[in-house]
Structures are given as C-alpha cells and as structure tokens.
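K.L.:
Return atomic coordinates for the entry below.
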Amino acid sequence: MSFWKIVFKSLRHHRFSNSLAAFSIATGIALLVAVYSFKEQSQNTFSQAGIGVDAILAPKGSPLQIVLNAIYHLEDMPGKIKWTYFKKVQKERIVAQAIPFVVGHSYGGVRVNAIDVKFLTDFEYIPGKTFSFSEENGGRGRIFKKSHEAVAGWAAAKELNIRLGQTFNPVCGVQEGDPVHQAEHITFVGRMAPTGTPHDRAIYIPLGTFYGLEGHPRETAIMEKQERYREISGAYLKIKRIRKEAIHPGIQDLKFVVNQSDRNQLVVPAEVMPRLHNIIGWVDRVLIAIAIMLTVLASLFLFFSLLQSLREMRRDLALFRALGATRKAVMGLVISEALIISLLGGLLGLTLGHWLISVSAHFIKIETGVGFTAGYISSADWLVIPGTALLGLLAGLVPGIQAYRLGVLKNLSPVS
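P.N.:
From the prediction side, this is the model:
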C-alpha cells in the first residue's frame, strides 16, 4: 500500500472526528479573519485624519458626535451655529478656507447635505486632490449650478443606482418614517469620481436650497435672504500651513477662543479619532483572544484525535514498516494527516470568515452607515495558510514521534 493511500485511508476511516477537528479549526479561523478584517477596515475608514478637514466649527456638544456627523455621515449634529459667527471665524488670519454646510436631510438612507459650492470646486480632500466629475476618473456630469440640482458621491450613487437626470424628494430627517418634502423635486446633475473617503457616501445640494425647501417653517425661509438670522450646522475649516506643510500652531489658540463661546466650539478631527480607537479597541482584543482560544482548542482536539487514530492504525503502520518503509516515512504519515486536516480547516475558515463579513456588513451598513466589504484582504488572511500549517505540524508532532518509535514485531503480533 502506498504512502498517500494509507494517509487517505486513515482520513476516511476517521472522517467524523477529522471533520469535527477541521470544522473546529475553521470556526476559530473564521472569527479571527472576520475580526481582523473589520478592525483594519474600520481603522482605514476612521484614520484618514479629517479627510482634508483640519477643524470643524460646530455647536456645543460631543466632539466625537460632531466628527462622526460632519465627516463620516453618522449620528446627528447637536445644534446650529449663527452665520454671523461663522463669518467672524472665517476672517481669522490662520483660516485658509471655510466651507459652511447644513445636515439633517436624507434620501434612501443616504445623507443629503446642503453645502457651499466651493466644497466641490476648491476643497482638497487630500493635498492636491479636489473632487472630479471626469468620466476617465469614474465620474459623470457636473457640479450643481441651480437651486434644485444635486450631485451624488460615488458610493451613494452606486448604492441607490442614481442616474443623471433622475429626480428625488429629500426626506426631512435621517430616520425611517421622517416626513418627505413631497413638493420638492431635485435633479441629479453629477456623480463625483470615487475618492475612497466618506465623502463618497453622501448626496450634496446647494446651501441655499435647504432654506427654501417646502415644509420648513417661515423662519427658515427668511434665513436664505437675511444673513443676520441665518444658521448652519457647521463649517469645514482649512488652516494655513507653515514650514514643511505643518499645520499652523495658532489652531490651538483659535480653538481656545471659540470654545469660550456658550454656543460654539472648534473640533479638531485628528485629536478626536484616536479616542474612538481607544474606546472600541478592547472589543477587538477580546474577540481576537476568543478566536485564538477556539483555534488552540481545535488544535488540541486534533492532537487527541491523531493519538486515537494512531492507536487504531498501529498494526497497519507496523505492516508498512515490515514492507520496507522507514521510520521517517511512518512519522510522515501521521504528520501529513495532521497537515491535511489543519489546512482544510484553514481554507474552510478563510471562506467562512469572508462569508461572515459579507453577511455582517449588510447589517452594519443599515445601523451605522459604515461600509465594509468581504473582498478586503486583511493581514490575517495572509497568515491563515502558514498559521494552520504550523498548527497541524505541532498537533501531529507528538503522535508522529510515537509512530516513529513504533515497534514492528510487537504490533504485528496477532490480536486475540
């Protein structure tokens, strides 16, 4: 009987315990792959410090809530700020650019933000990069020029299957069941080229359009024409640079001055986002620890399964030795069996892990608006095959040594 025939004979003979061992390994690997993928994707999403925004002029409230709302299109803005105060801050000597915006509307579950047109023409989401509508870059159409025109971020357009010329009625709110501006029909005239930032996940309309939407109180309509009454949700600020493109240190002085106000504050995203990682980081560590424990326990199960298999196959292995097989070959049989089981478990775990991501991503998207993809290859994915091979080698090492020391004459004796 050949080497591989004996290996596969043993695998078939102990298919129940071997399948259970492989599935146990797969469970741990799947959880590990999913956790690492979510961890890295969320860090990639939330670590792009500010996405081109040095500071956010916003109402008093939680800085984290403000950053999540203004940049990542999550949560709600805790209030409004006066247009006159925004203009005052805009004139500060260290402010290079200030772009006002109003949030609080949606369409199809996607945020609809009213914003100054300079956001589409002059705002750099990364140094040297402004939003593009060029078809060669993946965009289409143009920026809005009239009050009832809109442009969609690339991800928003893809999710809602938005076509140029299509009209929509904005929802006055971001929750299911909020009232719809039935009399308003806003036309999509552009789709932004993908940027890989959260800016792709929103729809943008002209700032003035917000104040004139049907259904808003008369006081809101007055804001469009009389600046002394006008309010906005906040403003994106770009701060001047000094040597080597370092942000102007005066931002801390400006932050101190603004934060003395009863109604307003200056939030620096680069200071806020590390706090979010500190808050949720323990969850990743706990889940990773659980996944590692499951994988180790599965390896122990494989170890004891191989020991039992060795006891049952002693006569076959002794016969194999009597026919000329070396001790190393017999040891290789046991270790090969362990490697096959562990690698099958690793491949199955890799598949299950990405399936788990695809299923979970749908619900996470609904609840938080943060998009995850099962196609993302995390650092854990690259370690699955070598990692499970190492586990198989370790699990099969002791049974393999026992097979190496197997006595031929003793185990070929008749079984009474």
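K.L.:
Quick one: mean pLDDT for stretch 212-227?
P.N.:
Averaging pLDDT along stretch 212-227 gives 86.
K.L.:
Sorry, wrong one. I was asking about stretch 98-112.
P.N.:
Average pLDDT, stretch 98-112: 94.
K.L.:
List every C-alpha atom in it, with coordinates, as PDB.
P.N.:
Below are the C-alpha coordinates for stretch 98-112, written out as PDB (Å, rounded to 0.1, in the frame of the first residue of the first chain):
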ATOM      1  CA  ALA A  98     -14.100  77.800   5.400                       C
ATOM      2  CA  ILE A  99     -17.000  75.900   3.900                       C
ATOM      3  CA  PRO A 100     -20.400  76.100   5.600                       C
ATOM      4  CA  PHE A 101     -22.800  73.100   5.500                       C
ATOM      5  CA  VAL A 102     -26.200  72.100   6.800                       C
ATOM      6  CA  VAL A 103     -27.100  68.500   7.600                       C
ATOM      7  CA  GLY A 104     -30.200  66.700   8.600                       C
ATOM      8  CA  HIS A 105     -31.800  65.500   5.400                       C
ATOM      9  CA  SER A 106     -31.600  62.200   3.600                       C
ATOM     10  CA  TYR A 107     -32.700  60.100   0.600                       C
ATOM     11  CA  GLY A 108     -33.000  56.300   0.500                       C
ATOM     12  CA  GLY A 109     -31.000  56.100   3.800                       C
ATOM     13  CA  VAL A 110     -28.100  58.300   2.400                       C
ATOM     14  CA  ARG A 111     -27.400  61.600   3.900                       C
ATOM     15  CA  VAL A 112     -28.300  64.700   1.900                       C
END
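K.L.:
what sits against residue 71?
P.N.:
Neighbouring residues of residue 71 by C-beta atoms under 8 Å, 6 or more residues apart in numbering: 50, 51, 53, 56, 198, 269. Every C-beta, even on glycine, is put in place using the N, C-alpha and C of the backbone.
K.L.:
centre of the chain versus the helix or strand that contains residue 305, how much separation?
P.N.:
For residue 305, the element it lies in under DSSP states H and E is helix 269-312. Here the centre of helix 269-312 is set off from its chain's centre by 19 Å, with C-alpha atoms, centre = their mean, to the nearest Å.
K.L.:
And for stretch 118-127?
P.N.:
24 Å.
K.L.:
So for it, what gets flagged as buried?
P.N.:
For stretch 118-127, burial by neighbour count (16 or more other C-beta atoms under 10 Å) applies to 119, 120, 123, 125.
K.L.:
Make JSON lines out of those residues and add secondary structure.
P.N.:
Shown next, in JSON lines, are the buried residues of stretch 118-127 (DSSP: H, G, I helix; E, B strand; the rest coil):
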{"residue": "119", "secondary structure": "helix"}
{"residue": "120", "secondary structure": "helix"}
{"residue": "123", "secondary structure": "coil"}
{"residue": "125", "secondary structure": "strand"}
